[in-house]
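Peer 1: quick one: sequence and predicted model below, then my questions.
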Amino acid sequence: MFQNFFGGGGGHAQQTRRGPTSMSEFEISLADAYSGSSIDFMVKKRILCDHCRGTGAASSADLHTCGACNGQGVRIVRQQIMPGMVTQSQMTCNECGGRGTVIGKKCPHCGGNKVMDHTQHYTLEVPKGVPEGHEVVYEGEADESPDYEPGDVVIRIRTKKDRGGWRRKETSLY
């Protein structure tokens, strides 16, 4: 336990971070909710750059070890409080942002951003008699990043409110 406070807790698998979940509401007609259907839709999201594979560098030769932190991603900062008394603290390296590497020449496709905008095509399979508020989850299909695993895309199904026609209240039609 003492080791965990000072970074020596080896042997434990590091948990991967997940990105945010993207939640959207999708309106369908009452007829589609009753009989079921397949509906095509598009989602704008960010994906890892195909050219640099999320490094942000033009080539692997353009990634260099950070000289400020020697690739550690952190720097030790010493401050003198009073004569003879010094504090020492560990801070994230401001040169590399804690990554331990710096980019010499940026990727020409993403401009060093590591990700690009992309429009993804999906098909929503609406089951017959789908309840109001039903959620369909596309696992791992949200925005991509080199820093975390992509989150999920969640689509919540709602029926359109048509004036003068049939309407739905819970499981009944009026």
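Peer 2: Received it, and whenever you're ready, just let me know what you need. Residues are numbered from 1 along each chain as shown.

Peer 1: distance of the closest residue to residue 139 other than its chain neighbours from residue 45?
Peer 2: Distances taken as Cβ to Cβ, 6 or more residues apart in numbering place residue 152 nearest to residue 139, at 5.2 Å, with adjacent residues excluded. For the C-beta atoms, the positions are set from N, CA and C on the backbone; glycine is no exception. Distance, residue 152 to residue 45, using Cβ to Cβ, to the nearest Å: 12 Å.

Peer 1: shared neighbours, the two?
Peer 2: Each of 22, 141, 142 lies in contact with both residue 152 and residue 45 under the rule Cβ atoms under 8 Å, 6 or more residues apart in numbering.

Peer 1: in strands only, show me those residues.
Peer 2: Taking DSSP state E, the ones among these that sit in strands are residue 22.

Peer 1: which of the shared contacts of residue 152 and residue 45 count as buried?
Peer 2: Among the shared contacts of residue 152 and residue 45, those buried by neighbour count (16 or more other Cβ atoms under 10 Å) are 22, 141, 142.

Peer 1: any idea which of those is closest to residue 57?
Peer 2: residue 142 (24.8 Å; Cβ to Cβ).

Peer 1: residue 19 is in contact with the closest one, correct?
Peer 2: Yes. At 5.7 Å, residue 142 and residue 19 qualify as touching, with contact defined as Cβ atoms under 8 Å.

Peer 1: so for the two, which residues contact both of them?
Peer 2: Shared contacts of residue 142 and residue 19, defined by Cβ under 8 Å, 6+ apart, are found at 150, 151.

Peer 1: distance from stretch 66-79 to the middle of the chain?
Peer 2: Its chain's average C-alpha position is 28 Å from that of stretch 66-79, according to Cα atoms, centre = their mean, to the nearest Å.
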